[in-house]
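requesting a structural model of the entry that follows:
(chains A and B)
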Amino acid sequence: MQPIKTWLKRLKLGRRAVIALPLVWLTLFFLMPFALVLKISLSEAAISIPPYGPLVEYADQTLQVFLNLGNYLFLLSDSLYIAAYWGSIKTAFVATLACLLLGYPMAYAMARASARWQLILLLLVMLPSWTSFLIRVYAWMGILSNSGLINNTLLWLGVIETPLQMMNTQLAVIIGIVYAYLPFMVLPLYAHLARLDNALLEAASDLGSRKFNTFIKITLPLSTGGIIAGSMLVFIPAVGEFVIPELLGGPDTLMIGKVLWEEFFLNRDWPVASALAMVMLLLLLIPIVMFHRYQSRELEK
Amino acid sequence: MRLLYRRPDFTTVMLVLGLLFLYLPMGVLVVYSFNESQLVTVWAGFSPKWYGELFADRQILSAVWTSLRIAFLAASMAVCLGTVAAFVMTRFGKFRGKTALSSMVTAPLVMPEVITGLSLLLLFVQMAQLIGWPTDRGMATIWIAHTTFCSAYVAVVVAARLREIDRSIEEAAMDLGSPPLKTFFTVTLPVISPALAAGWLLAFTLSLDDLVIASFVSGPGANTLPMVVFSSVRMGVSPKINALATLIILAVSVATLIAWWLMHRKEKKRRLALQEAESQ
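Residues are numbered from 1 along each chain as shown, chains lettered A, B, ... in the order given. Model (predicted):
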């Protein structure tokens, strides 16, 4: 009896150790850092290393706790920050919508292809995302700039006399986001559409439903999971995007990721950068929870 | 004639247009990497000289080496952590902290990079104050940061595979008295090894590609390839970067082609085996 007992005990201990490994790592390096961001966002900027003041101080037998809401009030008082948040959400929304409108028919055609072609098409859509994000954004600099490919071609054809301003505009940022994130929209959409039972569509058409009607009543509702997942995979990172507005955007494209970067690296104001991150997280909480619920439902299937 | 020539429908046209949209800009990069002129946008004749300049650039070469080392170590660690996380989520039933774990596994997939980067930097600064480590940030801190977000991707890939495979084989092994750990290494691991390879490759490319998180958690010593490329690209277009881009696209294309060929061969074998089984 004794050996079995110790074996079971060891098993339980082993089970705990296995659970603890990812849980501890992610708590330490993913969850804890957010608590620190919250803490620093409540501290005061100081000229020291690191550049923020303490939250708790113990001197002369008194414990002092400083909670400085000034950083948040500062964000509210300066219209630049509000404009940046609004600009990010607007840009990310338009780009997500464009991704969906382009990605949905692509995923639909992929799901209807033969098994052999499905694999090839899937690899073709994913391949760009495995190369380099930075270089793919950079590619558009050479295409959109005033002496870029499009302007040169149009000038040569005589369609325009002076180059069109396309670089450093809102449009360039949206094109960049759509280009960089399109594979992440197509992938979950394709996964859902490929799973769709063909018998349902055939039944609908046998019963005399028109193609468009079948699409609205059957295909679209059955692929909502993919639409949500794809849209969140594009929208959430796009809101905090730094590289694309930095390389393709101009003075009129205010985006919060870029503002945060500048607060941190140029102004070295860590508390304000932390407050910016906390507010961004708050704004993205609903989309993140939506994505998480979808993902855990997928995982439980 | 009508039967032979089918009018392509709307979705097929969109698929072709979408693929053109994805590949034309990359094609432009490749073509202009062979341009003689310093101006990336004016064609001045064929020349491979920018490749020569690329390989003479010490800064880029050392950044490539740094990035490859970090990516290799981060991908390897992420596969270990991510596989354990996936196994715990799919095979351990209910336990305390399951919701927390599954949230922490999916959240990094969509977390804006600036937030992850900033929060990890603040952690490293705090740790340095409390326990004296890390004294200076560099490869080790980038490795930890990359391992963390890459293990989330690995966990999702591996969990999907773990859910697909037949659990009865694992159960049979355990019923026959194989201890859980042995069952995992001798039964489960061989079955999910393609998913582990896919997860490792994904983590490797993600780590190689990351600019924002690495910029936050790196110190003055360690420059990864994206950091060097970014500081050069900020100044404007440069044909050397085009040459680098071409080599990256080439490497990824070759790797994808090999992966496709392996999958294709496996599928063919499976179909042949099925046919044989049917004919018997």
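
C-alpha from now on. contacts and neighbour counts both.
Fine.

give me the most central residue, chain A.
residue A:237 (1.7 Å; CA atoms, centre = their mean).

which residues in chain B form helices?
With DSSP state H applied, chain B shows helices at B:10-32, B:49-56, B:58-91, B:98-110, B:113-131, B:139-164, B:167-175, B:180-183, B:189-209, B:212-217, B:225-233, B:239-279, listed in chain order.

can you put the ones you listed in TSV and add mean pLDDT, distance to chain A and mean neighbour count?
Output for the helices of chain B, formatted as TSV (pLDDT from 0 to 100; distance: least, CA to the nearest CA, whole Å; neighbours: other CA atoms under 10 Å in any protein chain shown):
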stretch	mean pLDDT	distance to chain A	mean neighbour count
helix B:10-32	94	4	18
helix B:49-56	92	15	16
helix B:58-91	94	6	21
helix B:98-110	88	6	19
helix B:113-131	92	5	20
helix B:139-164	93	7	24
helix B:167-175	86	13	14
helix B:180-183	84	8	15
helix B:189-209	93	6	20
helix B:212-217	95	8	24
helix B:225-233	93	7	18
helix B:239-279	90	6	15
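
nearest to residue A:153, out of those?
helix B:10-32 (13.3 Å; CA to CA).

which strands and helices sit next to the closest one?
Other helices and strands packing on helix B:10-32, by 3 or more CA pairs under 8 Å, 6 or more residues apart in numbering or on different chains; DSSP states H and E, are helix A:79-112, helix A:115-130, helix A:133-144, helix B:239-279.

how about residues contacting stretch A:26-35?
Applying CA atoms under 8 Å, 6 or more residues apart in numbering or on different chains, the contact partners of stretch A:26-35 are B:101, B:104-105, B:116, B:119-120, B:122-123, B:144-145, B:148.

which residues of the stretch 51-200 of chain A lie near chain B?
A:102-103, A:105-110, A:119-120, A:123-125, A:127-128, A:130-136, A:138-143, A:147-149, A:179 (CA under 8 Å from any CA of the partner chain).

secondary structure element holding residue A:25?
Residue A:25 belongs to helix A:2-26 when assigned by DSSP states H and E.

after that helix comes which helix or strand?
Heading C-terminal from helix A:2-26 (DSSP H and E), you reach helix A:32-41.

buried residues, that next one. List them.
A:33-34, A:36-41 (16 or more other CA atoms under 10 Å in any protein chain shown).

give the pairing partners of the helix or strand following it; include direction for each.
Downstream of helix A:32-41, the first helix or strand assigned by DSSP H and E is strand A:56-59. Its sheet considered, strand A:56-59 pairs with strand A:62-65 (antiparallel) by DSSP bridges.

can I get the CA coordinates of the strand it pairs with in CSV?
Extracted in CSV, the C-alpha atoms of strand A:62-65 (Å, rounded to 0.1, in the frame of the first residue of the first chain):
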residue,chain,number,x,y,z
THR,A,62,5.9,58.3,9.6
LEU,A,63,4.8,56.3,6.6
GLN,A,64,3.9,58.5,3.7
VAL,A,65,2.1,57.2,0.6
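
quick check: what element follows it along the chain?
helix A:70-77.

end-to-end on stretch B:163-171?
14 Å (CA to CA, to the nearest Å).

for stretch A:250-268, same thing?
Using CA to CA, the end-to-end distance of stretch A:250-268 comes out at 22 Å.

what lies in contact with it?
For stretch A:250-268, the external contacting residues (CA under 8 Å, 6+ apart) are A:51, A:81, A:83-85, A:87-88, A:167-170, A:173, A:239-243, A:245-246, A:269-270, A:272-273, A:276-277, B:114.

can we see that at 7 Å?
Applying CA atoms under 7 Å, 6 or more residues apart in numbering or on different chains, the external contacts of stretch A:250-268 come out as A:84-85, A:87-88, A:168-170, A:240-242, A:245-246, A:269-270, A:273, A:276, B:114.

which residue is nearest the centroid of chain B?
Nearest residue to the geometric centre of chain B (CA atoms, centre = their mean): residue B:202, 2.4 Å.

show me the one of the helices of chain B that comes nearest residue A:58.
With CA to CA as the yardstick, what comes closest out of those is helix B:113-131 (16.7 Å).

which secondary structure elements does the closest one sit against?
Under the contact criterion of 3 or more CA pairs under 7 Å, 6 or more residues apart in numbering or on different chains; DSSP states H and E, helix B:113-131 touches helix A:32-41, helix B:212-217.

distance from it to the middle of the chain?
Remark: helix B:113-131 is offset 24 Å from the chain centroid, using CA atoms, centre = their mean, to the nearest Å.

that older thread, can you report the mean pLDDT over the residues of the helix holding residue A:25?
In this model, helix A:2-26 has a mean pLDDT of 79.

also stretch A:243-262?
92.

now do stretch A:191-208
86.

contacts for it, please.
With CA under 7 Å, 6+ apart as the test, stretch A:191-208 has contacts from A:108, A:111, A:214, A:223, A:226.

with neighbour count and pLDDT added, can I get those residues in JSON lines?
As requested, the contacts of stretch A:191-208 are arranged in JSON lines below (neighbours: other CA atoms under 10 Å in any protein chain shown; pLDDT from 0 to 100):
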{"residue": "A:108", "neighbour count": "22", "pLDDT": "94"}
{"residue": "A:111", "neighbour count": "22", "pLDDT": "92"}
{"residue": "A:214", "neighbour count": "18", "pLDDT": "85"}
{"residue": "A:223", "neighbour count": "20", "pLDDT": "90"}
{"residue": "A:226", "neighbour count": "22", "pLDDT": "92"}
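
pull the most distant pair out of those residues.
A:214 and A:226 (17.9 Å).

could you pull up the residues touching residue A:118?
A:110-111.

typo on my end, residue B:120
Applying CA under 7 Å, 6+ apart, we find residue B:120 in contact with A:29, A:33, B:217.

for residue 222, give me its contacts.
Here I'm looking at chain A. Here residue A:222 is in contact with no residue (CA under 7 Å, 6+ apart).

my question was about chain B, not that one.
Counted by CA under 7 Å, 6+ apart, residue B:222 has contacts B:138-139.

same thing but 6 Å
By CA atoms under 6 Å, 6 or more residues apart in numbering or on different chains, the residues touching residue B:222 are residue B:138.

again, but for the one 5 residues further on
Applying CA under 6 Å, 6+ apart to residue B:227 gives the contacts residue B:211.

residue A:161 - that's part of a strand, no?
No: applying DSSP: H, G, I helix; E, B strand; the rest coil, one finds residue A:161 to be coil, outside a strand.

and the closest residue in space to it that isn't next to it in sequence, how far from residue A:148?
Distances taken as CA to CA, 6 or more residues apart in numbering or on different chains place residue A:155 nearest to residue A:161, at 6.2 Å, with adjacent residues excluded. Applying CA to CA, the value for residue A:155 to residue A:148 is 11 Å.

who has more neighbours out of the two?
Taking neighbours as other CA atoms under 10 Å in any protein chain shown, residue A:155 and residue A:148 compare with residue A:148 leading, 20 against 16.
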